[in-house]
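Q: Compute the structure for the input listed below.
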Amino acid sequence: MRFGIVPPVVHRNPRFDPPEWEFSAGIDDLAAIARRADELGYDFVCFPGHIAIPESAAAVRGQVYWDPVAAMSYVAAHTSRIKLCAYVVVLGYYHPLEICKSYGCVDRLSGGRLILGTGVGSLEEEFAMLGRPFIDRGPRADDALRALRASLGKRTPAYHGTFYDYEGFVVEPHALSERVPIWVGGRSRRSLRRALDLADGWSPFRLQLAEIRPMLDERRAEIEERGIDLIFPPDPPLDPLGDPDDARDRVAAARAAGATGLALRFRHVSREHYERQLEAFQKLV
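A: Here you go, the predicted model:
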């Protein structure tokens with residue numbers, strides 16, 4: 001099983017009651033946490049992404065989202081092995097070649113460590129602010145995923161689809177590999193279907209294991225045939241120092257349900273406490 005982290009600082013999520021220290025923390029704190037996770041053998045570090053949150057949604061979604069490309073590039077320079085996961089890129093906000101250029105540069109700067117998490121998006125106000133269509137965002141996302149698979153890692157990509165149609169352009173620099181792992185994030189059966197059809201992994205969010213399990217059971221044969229990654233987010237955050245038995249049990253339950261990896265959050269009151277949680281969890285598993 002692969003273990004990654006959804007770290008503090010890069011996004012303050014009100015659902016998890018961010019501790020006081022995060023409000024004055026900066027990019028060096030994020031880099032220190034990622035570096036410690038790298039040293040301990042964690043597989044990936046996640047970078048959530050939004051451009052501008054409507055004030056009406058900020059109390060639920062959170063206000064702080066570091067730009068993922070900038071944050072990933074900084075962390076890449078302070079780590080050597082751990083993968084860098086966009087968590088997630090809302091496909092409807094960008095042309096596929098924008099994603100190929102921006103995140104392809106992250107892949108190249110990091111020596112091939114990119115995981116491209118993607119999503120359809122649900123904030124209609126953010127779509128409207130950007131002048132992007134919302135109603136047909138699902139089919140557009142499907143076409144974007146096909147375009148990304150045809151274009152990542154290529155100097156002169158070409159794609160002819162329903163919403164995106166291009167050739168004769170140079171994308172340089174680009175990703176080191178044409179097989180950058182693509183994950184689909186979501187909380188619906190359609191997102192799982194999208195992952196099975198068009199991606200390499202599914203990363204559900206805001207779902208409990210009891211909700212995820214029946215969705216997987218419906219598609220178990222296809223999941224096994226495709227061999228996609230299933231990256232679960234334990235919710236609420238784990239506390240391996242304070243309650244190691246609970247942490248161990250929840251990992252075992254996720255594994256039994258079919259998870260191939262976990263995107264972990266930890267309870268913490270300081271950066272030092274978070275790093276101790278990283279160490280405690282690593283010893284548990």
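
Q: tally of neighbours for the spatially closest residue to residue 102 that is not a sequence neighbour?
A: The spatially closest residue to residue 102, leaving aside those adjacent along the chain, is residue 69, at 4.9 Å (C-beta to C-beta, 6 or more residues apart in numbering). No exception for glycine: its C-beta is placed from N, CA and C like everyone else's. Residues lying near residue 69 (other C-beta atoms under 10 Å) number 20.

Q: swap in residue 276?
A: For residue 276, the number of neighbouring residues by other C-beta under 10 Å comes to 16.

Q: wait, doesn't it sit right on residue 241?
A: Yes. If you go by C-beta atoms under 8 Å, residue 276 and residue 241 touch, sitting 6.2 Å apart.

Q: Next, name the residue at the spatial heart of the chain.
A: The chain has residue 87 as the residue nearest its centroid, 2.2 Å off, counting by C-alpha atoms, centre = their mean.

Q: correct me, but the residue nearest to residue 102 touches residue 106?
A: Yes. Checked against C-beta under 8 Å, the pair residue 69 and residue 106 is within contact range at 6.0 Å.

Q: Identify the contacts common to the two.
A: With contacts taken as C-beta atoms under 8 Å, 6 or more residues apart in numbering, residue 69 and residue 106 have no neighbour in common.

Q: thinking again about what came up before, going by secondary structure, the residue nearest to the centre of the chain is in what exactly?
A: Secondary structure from DSSP states H and E places residue 87 in strand 83-90.

Q: quick one: strands adjacent to that strand?
A: strand 44-47 (parallel), strand 114-119 (parallel) (DSSP bridges).

Q: which residues are contacting the helix or strand following it?
A: Proceeding N to C from strand 83-90, the next assigned helix or strand is helix 96-109, under DSSP H and E. Here helix 96-109 makes contact (C-beta under 8 Å, 6+ apart) with 69, 72-73, 76-77, 84, 86, 89, 91, 113-114, 116, 144, 147-148, 151-153, 157, 159, 164, 166, 169, 171, 173-177, 180.
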